[in-house]
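Novice: Sequence plus the predicted model coming up.
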Amino acid sequence: MNRLFDKVPEDLFSPLSRKYKTIYAFSLVSLYYMLRVYKTDIRKTDYVQFLRSQGEEILELFSVETDLLDDKGEDEKVDVETVLNPDDSSSVLSVKVNYIVRKLAKCGWYIISKDPKTKVENIYIPAYSIQFLKLLNDLTSDAGSYLPLVHQTYAELKMEDEKEDDYMYRSLLNAKSNADELEMNVTLLRQQILVFGNRLTYVLDPNVALKQHFDEYRVDVSEKYYHPMKTFDSLGLYAQPTIAILKKWLASERIITLLVKEAKTEPANRSKDTAELTTSIIKLISNVIDIFARLASAFNEIDEANADYTEAVQKKVNYLSSTDKTVKGKIDRVILALATEIKSNPALRYEELPTLTKASESLSFFRQGYLDSFSLQMPFKRKTVELEEDPLPMADDIFPDEAVTFMTDVLDNELNRFSDRSIAEFMEKNMDQKDEMLTTDIAVGDTDELVLTILGTLKAMLGLIPFKAEKVADRVEFAGFYMPLYKFTRVKQRRGVR
């Protein structure tokens, strides 16, 4: 397997590590935009004009002379003579743009070639560069990228299970591809939640903690990925039906034979015999079943991680927003100021930190020690005292003001509005005194009530709330939504609700 830099130029990433890396990133994202618009050759003059028109404001911060200081060797340097002293009287903006265009070409992001017939300079982009440009564009885009893979897999397999046409094998391959991608999405989602939780440890301002939760975590993680995967594309709702279809295929010799027959028509399988294809298909079905069964339990860990993070935000905001006027509160603020200064100046030694120096001048610090029966004997030995009892818990008396109380209520509501208890109370409210009701009897006035209806159906099917759900019709239209029609029956012997 070839190494990365056997395929891409060694200096490809150097523009993104320079002082003006933001401007180079803007230029590369602009190139990807032009590639999507033109879908053919890109003229160098068009690219230069686009950068001049769209990047005039950001390019005011760019200096060619300062950027040249980042050059580390002759191979990186651009022929500046033709840039800084062009034949025609170009503006300063044109000088900067032409310099950036040549620098990116020198680093290997694209090739500038002159057509021998028309004498027009065109930009040609290699395959590796297009892939990196797409990645940069995705990282700078605010659009969500999660697709309903669980429902898509279930719907496709259900249709093929009913029709049993010539596309069953292709549908099975698509199911494996979707399962692999879904497994990666679940892993990435859990990693993102843990990253935000770790980042919260270093937050020393309540406003920063709230901004991280509501502006970053809720928008970029919760609403784009966690909420769709929890409700609209629920693993708990579609995983078991998908597994049931695949187990049916696995147990049917007729369906396995049909899948083997379809697999033989694929060019990649023409050299394989029937026994080898049969083994391959059985293994393929088993792998998909294992992935969906594993992901159903893995998402429970994501629920726990999300709940832990939301609770940690609440506690962090309460602690950082405390208005304790006692000596303990003042010491807390001194320690917070010291922690902020140490975090902002990691390269300085403690004796070089101004706040710590001032604290040392006004406070006396002593090392704690203990006297025991060995203290008067020679030689002296330092020992660590082991406490036999657990330390006393800290009192949670932080005297929150009205703002902290408000934020606490907001976070509590965020944590509890879709809990099992809230779902059970919502269903009980709609059931009223009746023993049975249909989905169309539930009042759906907003998105939250729709989510509660979906979760209520799921929890009833799993036996987590004191109701039993039975499907009556696949699809009905009610309150502006298309939904399956379920009949809910009250369970006489009520079970505990978490």
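Specialist: Happy to help now that I have it. Numbering: from 1, shown residues only.
Novice: What mean pLDDT does the longest helix seen in the chain get?
Specialist: If you go by DSSP state H, the chain has its longest helix at helix 274-320. For helix 274-320, mean pLDDT is 87.
Novice: so what secondary structure elements neighbour that helix?
Specialist: When contacts are defined as 3 or more C-beta pairs under 8 Å, 6 or more residues apart in numbering; DSSP states H and E, helix 274-320 packs onto helix 168-200, helix 206-211, helix 227-230, helix 235-251, helix 253-263, helix 402-416. No exception for glycine: its C-beta is placed from N, CA and C like everyone else's.
Novice: Now mean pLDDT and mean neighbour count too, for the ones you listed, in a markdown table please.
Specialist: Shown next, in a markdown table, are the helices and strands packed on helix 274-320 (pLDDT from 0 to 100; neighbours: other C-beta atoms under 10 Å):
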| stretch | mean pLDDT | mean neighbour count |
| --- | --- | --- |
| helix 168-200 | 87 | 17 |
| helix 206-211 | 86 | 17 |
| helix 227-230 | 79 | 19 |
| helix 235-251 | 87 | 18 |
| helix 253-263 | 89 | 17 |
| helix 402-416 | 65 | 14 |
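Novice: Out of these, which gets nearest to D220?
Specialist: Relative to D220, the nearest member of the helices and strands packed on helix 274-320 by C-beta to C-beta is helix 168-200, separated by 8.1 Å.
Novice: Determine the angle, from 0 to 180 degrees, between that closest one and helix 253-263.
Specialist: 90 degrees (axes from the mean of the first three to the mean of the last three C-alpha atoms, to 10 degrees).
Novice: What is the neighbour count of the closest residue to L194 other than its chain neighbours?
Specialist: Once flanking residues are discounted, L194 sits nearest to A305: 6.3 Å by C-beta to C-beta, 6 or more residues apart in numbering. By other C-beta atoms under 10 Å, the residues close to A305 number 19.
Novice: how about A305, what does it touch?
Specialist: 190, 193-194, 197 (C-beta atoms under 8 Å, 6 or more residues apart in numbering).
Novice: ok, now with 10 Å
Specialist: 189-194, 196-197, 226 (C-beta atoms under 10 Å, 6 or more residues apart in numbering).
Novice: Is G108 located within a strand, as I assumed?
Specialist: No: counting by DSSP: H, G, I helix; E, B strand; the rest coil, G108 is not found in a strand; it is coil.
Novice: which stretches of the stretch 351-498 of the chain form helices?
Specialist: 354-362, 402-416, 420-431, 447-462 (DSSP state H, counting those that start in this stretch).
Novice: Could you tell me the least trusted of the ones you listed?
Specialist: Looking at these, the bottom one is helix 402-416 with a mean of 65.
Novice: In terms of helix, strand or coil, where does I112 fall?
Specialist: strand.
Novice: Find the residue closest to it in space, skipping its chain neighbours.
Specialist: Looking at I112 with C-beta to C-beta, 6+ apart, the closest residue is A105, at 5.0 Å.
Novice: and that neighbour, what element?
Specialist: helix 92-106 (DSSP states H and E).
Novice: Give the buried residues for that helix.
Specialist: 93-104, 106 (16 or more other C-beta atoms under 10 Å).
Novice: Please state the offset of the longest helix of the chain from the chain centre?
Specialist: Put simply, helix 274-320 sits 15 Å off its chain's centre (C-alpha atoms, centre = their mean, to the nearest Å).
Novice: what angle do that helix and helix 253-263 make?
Specialist: When the same axes, to 10 degrees is applied, the directions of helix 274-320 and helix 253-263 differ by 90 degrees.
Novice: Quick check: mean pLDDT of the next helix or strand after helix 274-320?
Specialist: Next helix or strand after helix 274-320 toward the C-terminus (DSSP H and E): helix 327-344. Taken as a whole, helix 327-344 has a mean pLDDT of 76.
Novice: Run the chain-centre distance for helix 327-344.
Specialist: 32 Å.
Novice: Please apply the same query to stretch 9-22.
Specialist: That offset, for stretch 9-22, works out to 26 Å (C-alpha atoms, centre = their mean).
Novice: and that stretch, which residues are buried?
Specialist: 9, 11-12, 14-15, 18, 20.
Novice: could these be laid out in JSON lines, adding distance to D70, pLDDT and secondary structure?
Specialist: Below are these laid out as JSON lines (distance: C-beta to C-beta, whole Å; pLDDT from 0 to 100; DSSP: H, G, I helix; E, B strand; the rest coil):
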{"residue": "P9", "distance to D70": "17", "pLDDT": "85", "secondary structure": "coil"}
{"residue": "D11", "distance to D70": "12", "pLDDT": "86", "secondary structure": "coil"}
{"residue": "L12", "distance to D70": "15", "pLDDT": "88", "secondary structure": "coil"}
{"residue": "S14", "distance to D70": "8", "pLDDT": "88", "secondary structure": "helix"}
{"residue": "P15", "distance to D70": "9", "pLDDT": "90", "secondary structure": "helix"}
{"residue": "R18", "distance to D70": "4", "pLDDT": "88", "secondary structure": "coil"}
{"residue": "Y20", "distance to D70": "8", "pLDDT": "89", "secondary structure": "coil"}
